[in-house]
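A.B. asks: structure of the sequence below:
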Amino acid sequence: MRMHVMRVSNLIHAFPTLPTWLIMLIYYTAAYAPIAGTRDAALVIMFIALSAWSIFNITEAALAGLVLLPLVYVYVNYPTVSTHPVLGMLHIALLAPGLATALYRVKVDWDSGVKSMSNALTVGGLYALMLNPALSLAYAAASPAVALGEAFSTPWLTPLPVLITMMLNYVTTGELTMGTAPVVLYTVNTESPVILHTPPVTLLAWLASPFIILITVALISQVNEWGMGRRVLYTALAGTLPTLPLGLLLWVPAGVMYIIHTFKRTDAYSELYSSIAHVPGEGELRRLYEENWGVLIGMEEAKAELIKASESFERSNVRPIHGVLLYGPAGTGKTALGLGYATWLGLYRGFTVIIVKVGELVANGPWYASWRLEKVFQLARFTQPSVIYFDEIERASPEH
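C.D. replies: Residues are numbered from 1 along each chain as shown. Okay, the predicted model is just below:
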């Protein structure tokens, strides 16, 4: 018994040491698992392709998954759809509102260049509607928890595509899954409008799951003592409880997000928010530290003052410093000292280092620069404690 406990403990401690891309692949594999749930060879290949594609660009992979959803529905239900094409078109029409909501969210990420991992859970939840309603609601409940750990996501928007599609399907067919049940638009006897089927107690319990998660998100987001990883983990656990045991599958992406925010934060931020600003990964951060802070000789007094100033960030009863002015003639190491100090904060004080190249910021005009600068500070607030380093600040004005 002790040996088994030790093996599990060793596995848990070894998991954060895995490469970031492999940890993300585990997340995407769990998120897209419903696609392979039919055990069809073509859909298994699609599941593998989307999971691998998401490592490089989650937005493109999620968009592909949403566009292919109506085609997959026709493919899975082809015997019935080929016999009753009107029924198939009606079911695809029921997919349209939820699909449009999901596509809108992906479009927002596409326009801003941000990569949101919660999109994968939304796509997985829509595909789960063809398998099991409890599983689909578990995905809908877990998506706001993951969105809580993203800088530019709206938690309440992520479960809407699944909830809208499920309720429309239930109102018109009496079924929770996207199968081939007849769509009842009018009753035969009274010609009354759409029938609202009486939801069973289990359905009410399932539908409560996303609302539980949203309430939990609102409450836990106020607990500043908890890190972002713990917030994501606890909200996912609370939201998927009504959908157990199938909800256990969603603890995998929640656990992955906990590991990312706790152990792989800099590497993950570097991948997800590279279009907004440059967030160095741990390896690059250490290289920048050695190239700037480590090579400065004869500046021990200035370094000591900066390190002493960093103590104000750690004491809750001390007003933190608002800035440090470095002055002196050109070539004396001011730039290297500033960047070195930022990387020192990242390596030894847990700060998220955000590097903004002003030349790239102003290259596309003032409106783009203003929008992107707003996103930079939004990212800094989300990833706090954080430090923003503006490189080439003289490029902000045509006259130096």
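A.B. asks: C-alpha from now on. contacts and neighbour counts both.
C.D. replies: Fine.
A.B. asks: how close does Trp251 sit to Tyr234?
C.D. replies: 10 Å (Cα to Cα, to the nearest Å).
A.B. asks: sorry, wrong one. I was asking about Glu311.
C.D. replies: Counting by Cα to Cα - Glu311 and Tyr234 are separated by 31 Å.
A.B. asks: more neighbours, these two?
C.D. replies: Using other Cα atoms under 10 Å as the criterion, Glu311 and Tyr234 rank with Tyr234 on top: 19 against 13.
A.B. asks: that one sits in which helix or strand?
C.D. replies: Using DSSP states H and E, Tyr234 sits within helix 228-240.
A.B. asks: likewise for Asn119?
C.D. replies: helix 118-128.
A.B. asks: which strands and helices sit next to the helix or strand following that helix?
C.D. replies: Next helix or strand after helix 118-128 toward the C-terminus (DSSP H and E): helix 133-148. Judged by 3 or more Cα pairs under 8 Å, 6 or more residues apart in numbering; DSSP states H and E, the packing partners of helix 133-148 are helix 118-128, helix 160-173, helix 201-220, helix 228-240, helix 251-263.
A.B. asks: nearest residue to Ile48 in space, please, no chain neighbours.
C.D. replies: Using Cα to Cα, 6 or more residues apart in numbering and skipping residues adjacent in sequence, the residue nearest Ile48 is Thr29, 7.8 Å away.
A.B. asks: cool, and Leu246?
C.D. replies: In space, and not counting its chain neighbours, Leu246 is closest to Leu135: 5.7 Å by Cα to Cα, 6+ apart.
A.B. asks: residues near that neighbour, how many?
C.D. replies: 26.
A.B. asks: quick one, what contacts Leu326?
C.D. replies: Lys334 (Cα atoms under 8 Å, 6 or more residues apart in numbering).
A.B. asks: quick one, grab the pLDDT at it.
C.D. replies: Per-residue confidence (pLDDT) for Leu326: 76.
A.B. asks: in three-state terms, label it for me.
C.D. replies: What DSSP: H, G, I helix; E, B strand; the rest coil gives for Leu326 is coil.
A.B. asks: and the strands in this protein?
C.D. replies: 352-357, 386-391 (DSSP state E).
A.B. asks: which strands or helices does the first one pack on?
C.D. replies: Helices and strands touching strand 352-357, by 3+ Cα pairs under 8 Å, 6+ apart, are helix 334-348, strand 386-391.
A.B. asks: in TSV, list these along with distance to Gly359 and mean neighbour count.
C.D. replies: As requested, the helices and strands packed on strand 352-357 are exported to TSV (distance: least, Cα to Cα, whole Å; neighbours: other Cα atoms under 10 Å):
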stretch	distance to Gly359	mean neighbour count
helix 334-348	16	20
strand 386-391	8	18
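A.B. asks: out of these, which is closest to Met257?
C.D. replies: strand 386-391 (19.5 Å; Cα to Cα).
A.B. asks: what average pLDDT does that closest one get?
C.D. replies: Here the average pLDDT along strand 386-391 is 85.
A.B. asks: so what's the nearest residue to Ala277 once chain neighbours are set aside bridging to?
C.D. replies: Nearest residue to Ala277, sequence neighbours excluded (Cα to Cα, 6+ apart): Val356, at 5.7 Å. With DSSP bridges applied, the residues forming beta bridges to Val356 are Phe390.
A.B. asks: hmm, Ala380 and Val356 touching each other?
C.D. replies: No. Using Cα atoms under 8 Å, Val356 is not in contact with Ala380, being 11.5 Å away.
A.B. asks: now the common contact residues for the two.
C.D. replies: Ile388.
A.B. asks: thought Leu126 was touching the residue nearest to Leu246, still the case?
C.D. replies: No. Contact criterion Cα under 8 Å: Leu135 and Leu126 do not qualify, at 10.0 Å.
A.B. asks: and the closest residue in space to Leu43 that isn't next to it in sequence, what does it touch?
C.D. replies: Nearest residue to Leu43, sequence neighbours excluded (Cα to Cα, 6+ apart): Ala36, at 5.6 Å. Ala36 sits next to Leu43, Val44, Met46, Phe47 when contact means Cα under 8 Å, 6+ apart.
A.B. asks: for the third one, give me its contacts.
C.D. replies: Right, the one you point to is Met46. Per Cα under 8 Å, 6+ apart, neighbours of Met46: Ile35, Ala36.
A.B. asks: so how far is Ile58 from it?
C.D. replies: For Met46, the distance to Ile58 equals 15 Å [Cα to Cα].
A.B. asks: cool, and the second one?
C.D. replies: From Val44 over to Ile58 the distance is 18 Å, taken as Cα to Cα.
A.B. asks: show me which of these two is the more surrounded one.
C.D. replies: Ile58 (25 against 17).
A.B. asks: got the phi and psi for the nearest residue to the more buried one once chain neighbours are set aside?
C.D. replies: Sequence neighbours aside, Lys115 is the residue nearest to Ile58 in space, at 6.0 Å (criterion: Cα to Cα, 6+ apart). Here is the backbone geometry of Lys115 (degrees, to the nearest 10): phi -110, psi 110.
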